[in-house]
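Colleague: pasting a predicted model and its sequence here:
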Amino acid sequence: MLKHAPEVNVEEGLDVRFWGVRGSLPSPGPETAMVGGNTACVEVCGGGSRVILDAGSGIRALGDSLMAKGEGEDLTILLSHVHWDHVMGLPFFAPLYAGKTPITIAAGPLGLPVESALERQMSPPLFPVSYDAVRSRVKTVDLAADRHFRVGALTITMLPLIHPDPVIAYRIAFGSSSVVYATDTEHLEGQLDERLLRFARGADILIYDAQYTPEEYRGEVGPSRKGWGHSTFLAGAELARAANIKTLALFHHDPRRTDAEVAAIVQRCREHFPSTVAARENLSLRVEVPPSVASRHRAELQQVAALP
Ligand SMILES: [Zn+2]
Ligand SMILES: [Zn+2]
């Protein structure tokens with residue numbers, strides 16, 4: 001059912017498109033050109049609705065693409081958290097400076113209102129354009145960590161992950177199909193994260209933080225990365241197998257990771273979970289939703305509260 005799709009936003013399917021896949025820091029250059037150097041931004045479309053996951057540097061190209069198609073309004077951005085690499089692209093997101101409809105930006109509990117976090121990022125002397133320039137076009141929503149809500153035809157659930165600052169995983173469903181976005185999370189050594197396992201169970205696509213190799217994580221190559229809040233492809237493969245995931249997309253690649261190294265990691269990961277891909281810029285994945293399932297999903301949507 002899963003295939004590579006040239007275009008997203010076709011009805012009766014769940015489409016995922018990667019605009020930024022890098023962790024921590026943008027990493028342009030000839031050695032990263034195939035996977036891409038932009039930080040986290042993923043577009044998910046289903047049933048004619050769209051959500052944008054995170055606003056790393058990859059969101060700039062998405063914004064330009066939406067503007068070119070005349071679709072720069074009625075946008076919802078869900079932030080996993082507000083670490084730099086997940087919000088740095090927002091001031092360069094063209095729809096923020098155009099259109100009349102507010103763009104909704106929502107996040108789980110951050111320790112401060114999401115509006116304050118965005119305001120801090122866009123404030124002198126850190127950034128030349130102040131948040132006041134876009135305030136009228138941004139509607140911010142602070143979500144409790146256990147919210148279940150809908151954005152158009154998409155239903156969304158949330159789960160806090162394991163990271164130095166609060167971070168949220170999102171599960172986005174349309175009909176019987178779903179994608180789980182679980183980045184910036186550290187696995188538990190020697191055991192599965194049972195909460196994430198339950199949350200992700202049966203998803204078609206699991207987008208998972210695979211910043212480190214197991215050897216890097218343990219400190220056999222460079223310093224130990226334990227406690228840094230990121231995971232490995234091996235932990236992703238074990239989770240994907242236990243949760244009966246259809247496709248595992250390795251995400252949040254380390255900024256130093258070359259294209260050749262990402263390819264080698266995918267090969268290693270496939271030994272543990274064959275249906276593994278590396279998230280890379282412009283990669284689209286599509287899960288088809290049978291029309292009968294889609295229409296049942298639409299009928300049930302009224303029971304789910306819309307994002308306020
Ligand atoms: Zn990150
Ligand atoms: Zn982070």
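Modeller: Nice, thanks for sending it over. Numbers count the residues shown, from 1 in each chain. Ligands and ions are numbered 1, 2, ... in the order given.
Colleague: what's the neighbour count on residue 23?
Modeller: Residues lying near residue 23 (other CB atoms under 10 Å) number 25. C-betas here are computed from N, CA, C, even on glycine.
Colleague: which residues touch it?
Modeller: 39-40, 85, 183-184, 209, 211, 230, 251-255 (CB atoms under 8 Å, 6 or more residues apart in numbering).
Colleague: which of those residues has the largest number of neighbours?
Modeller: Neighbour max across the contacts of residue 23 (other CB under 10 Å) = residue 40, 34 neighbours.
Colleague: who's in contact with that one?
Modeller: Counted by CB under 8 Å, 6+ apart, residue 40 has contacts 20-23, 53-54, 56, 58, 80, 85-86, 183, 251-252.
Colleague: show me which of those residues is closest to residue 306.
Modeller: residue 53 (18.3 Å; CB to CB).
Colleague: give me the buried positions along stretch 77-95.
Modeller: Judged by neighbour count (16 or more other CB atoms under 10 Å), stretch 77-95 contains these buried residues: 77-83, 85-95.
Colleague: give me the mean pLDDT for that stretch.
Modeller: What stretch 77-95 shows for mean pLDDT is 97.
Colleague: grab the nearest non-local neighbour of the residue in the stretch 201-308 of the chain that ligand 1 sits nearest to.
Modeller: At 5.7 Å from ligand 1, residue 252 is the closest residue in the stretch 201-308 of the chain, using CB to the ion. Among residues not flanking residue 252 along the chain, residue 23 sits closest, at 3.6 Å (CB to CB, 6 or more residues apart in numbering).
Colleague: ligand 2 contacts on this protein?
Modeller: Taking CB under 5 Å from the ion as the criterion, the chain approaches ligand 2 at residues 83, 184.
Colleague: ok, the closest residue to ligand 2 within the stretch 201-308 of the chain - contacts?
Modeller: Going by CB to the ion, ligand 2 is nearest to residue 229 of the stretch 201-308 of the chain, at 6.0 Å. By CB under 8 Å, 6+ apart, the residues touching residue 229 are 162, 163, 164, 167, 184, 185, 186.
Colleague: of the buried residues of stretch 77-95, which are in range of ligand 1?
Modeller: residue 85.
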